[in-house]
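In: Let me see the structure of the following:
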Amino acid sequence: MSILNLFRKNKNKNNIDFNEKSNKSKQTSNNTMTPSQEYNSISTHNVEVKNEINKVLNVSYNDTTNLYELEKQAREKSDALYDIHTNSINKFNPQNNILETDTKPLTSIEKSFLKYIIGENIYEPYIATYWTYEYNINYSYLISKFFNMDYLKISNYIEDLTKLTVSELKEILKSNNIKSTGKKAELIERIEKEISCKDLSNFFNSSNKYYALTDKGKELLKDVRKSVTKNTDLEDQCLELIYIDKYEEAYDLICKYESSKNIQRGININWENHKITPMKIESYKAIKELDINLKDTLLDNIIKSSYILCDMLGNNSKTSILVKRLAGEKIDNIEINNAINSINDVIYNHSTITYNANDSINNKNLHYMDIVKNNKSIPFEVNNKNYNFKINENEIYFFNILKIKMYENELKNNFVFDRMSDGAFNVFDTSDNFIGKVKLQGRKKWIMYMKNEFGSEHIYGELIHLIDGIDAWIKYSKEYLK
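Out: Predicted coordinates for the structure are as follows:
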């Protein structure tokens, strides 16, 4: 049964025969490892790279509980691993030194890397750092595997034409006394029809070569869709478990995957022993029972399960990506976003707070009344017009929880946010005193608040760590706002 058919069945979850699926998940859970863990150990090149990687990973650091220092140590290891892989691929020339590799079927991560490398210059490919710190890809080994399995090739002259500018294409046509007007596609078509490959080779040098897909490679990737983690095997296993409310088992698979990485997600998290909290499980059960105004039961199931999985992965902002992978690209984006926002409204309390006169201090925190349901405006004065950054879901979550904490501490609307060029917000009080910064877009997320006139505190990590830091920020900000 495909993951989509699992949702499509739409029957009592307790009647689903999940024994076979559970066994399959157990058998395939080992396949959620990063590609680096499946490399052919007999490859001399691979052994050399592994030895360099182990030197980096075996470097000991002083024990510390300082989040800034922990983040710095993780960044140093990540940068060192990136240098190893980059140096390796800079020495790699697919025209004459394809490596010996395995020929196992490609994992979903490897397929994503194959799609990524298309069009990169074979001598100076740009490979984003996340392929190192998130997936620990051994670039030259995996590219060799693509060649060995006939998925990848070096571009021919016709394919190289797509990399040229319109002016360069016109120059080729003019030099051959051929009409040189028209759009880029027309110019390329004219060159392809009227100039031989031999004559065309005079306009290119060896540095103009790029990675291109073979017909077999195109066939392999035709059904590959954008995903949350690029590890669709892991995503689908977790979704199967989430569908039947096995949240602990789904989260255990994620923890196992995270612990397998050389550079693990989060700061100071022991993924080998990490467990989901009972409070989280209750919130996931509540999500399943929500009415999110969808008549399509299939889409309702997909959105709720996708939201829960993305929350487990620490990235709710990618929920719509997962929904589109499961349900198809031609679904109503507005309908999806409205449903996701309905979940946000309940889970993250887009609300003000009311108290009963006889409430105790301890009980006051329990009385959140949702009186602005479906109001997506940020509850602060926010200047988001600069630099064309859109408010993302992480920022909405953070700001609304901050709003609740501010009401608890009777601060009301004393924070003003001003978007900067790097996507961070500078934070001021209503008297224009600087009291901190918030960076929730991009790979590295952090908050910084002023402890006093001369000292500040940084907190780095995933959204959950930053939310935990709100109480401290409020404490010190109250001193500023007196």
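
In: what's the spacing between the nearest residue to residue 409 once chain neighbours are set aside and residue 459?
Out: Nearest in space to residue 409, with sequence neighbours left out and distances taken as C-beta to C-beta, 6 or more residues apart in numbering, is residue 474 at 5.3 Å. For the C-beta atoms, the positions are set from N, CA and C on the backbone; glycine is no exception. Distance, residue 474 to residue 459, by C-beta to C-beta, to the nearest Å: 13 Å.

In: about what we covered before: check contacts around the residue nearest to residue 409.
Out: Residue 474 makes contact with 405, 406, 409, 411 under the criterion C-beta atoms under 8 Å, 6 or more residues apart in numbering.

In: so it, which of the three states?
Out: Classification of residue 474 using DSSP: H, G, I helix; E, B strand; the rest coil returns helix.

In: What of residue 100?
Out: Residue 100 is classified as coil under three-state DSSP.

In: Report pLDDT for it.
Out: On pLDDT, residue 100 comes in at 83.

In: That one: how many residues sit nearby?
Out: For residue 100, the count of nearby residues is 14 (other C-beta atoms under 10 Å).

In: Next: residue 444.
Out: Residues near residue 444, counting by other C-beta under 10 Å: 10.

In: Nearest spatial neighbour of it, chain-adjacent residues omitted?
Out: Per C-beta to C-beta, 6+ apart, closest to residue 444 is residue 460, 6.8 Å.

In: Okay, and the beta partners of the one you found?
Out: Going by DSSP bridges, residue 460 is paired in beta bridges with residue 446.

In: Run through this structure and note the low-pLDDT ranges.
Out: For the chain, the stretches with pLDDT under 70 are 1-50, 52-71, 206, 266-268, 329-330, 345-390, 412-413, 453-454, 480-482.

In: quick one, strands of it?
Out: Applying DSSP state E to the chain gives strands spanning 152-154, 211-213, 352-353, 368-369, 381-383, 415-419, 425-429, 434-439, 446-450, 456-460.

In: Contacts made by stretch 109-122 with the rest, please.
Out: 34-35, 93-95, 106, 125-128, 131, 135, 137, 142-143, 145-146, 151-152, 154, 163, 207, 209-213, 217, 220-221, 224, 227, 230-231.

In: what comes up buried for it?
Out: Applying a neighbour-count criterion of 16 or more other C-beta atoms under 10 Å, one finds 109, 110, 111, 112, 113, 114, 116, 117, 120, 122 buried in stretch 109-122.

In: how much space between residue 315 and residue 245?
Out: Note on residue 315: its distance to residue 245, by C-beta to C-beta, is 22 Å.

In: quick one, which of these two is more surrounded?
Out: Remark: of residue 315 and residue 245, residue 315 carries more neighbours, 19 against 16, as counted by other C-beta under 10 Å.

In: Tell me the spatial nearest neighbour of that one, not counting adjacent residues.
Out: Closest to residue 315 by C-beta to C-beta, 6+ apart is residue 228, at 6.8 Å.

In: Thought residue 311 was touching the one you found, still the case?
Out: No. At 11.2 Å, residue 228 does not count as touching residue 311 under the criterion of C-beta atoms under 8 Å.

In: Now for residue 216: which residues touch it?
Out: 149, 150, 151.

In: Drop anything exposed from the residues you listed.
Out: The neighbour count (16+ other C-beta under 10 Å) marks 149, 151 as buried among these.

In: Mind putting the contacts of residue 216 into TSV with distance to residue 344?
Out: As requested, the contacts of residue 216 are exported to TSV (distance: C-beta to C-beta, whole Å):
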residue	distance to residue 344
149	43
150	46
151	40
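
In: Tell me the one among the contacts of residue 216 nearest to residue 466.
Out: Nearest to residue 466 among the contacts of residue 216: residue 151, at 40.5 Å, using C-beta to C-beta.

In: isn't that closest one right up against residue 212?
Out: No. Under the criterion of C-beta under 8 Å, residue 151 is not in contact with residue 212, lying 10.5 Å apart.

In: To what extent is residue 104 buried, counted in neighbours?
Out: 11.
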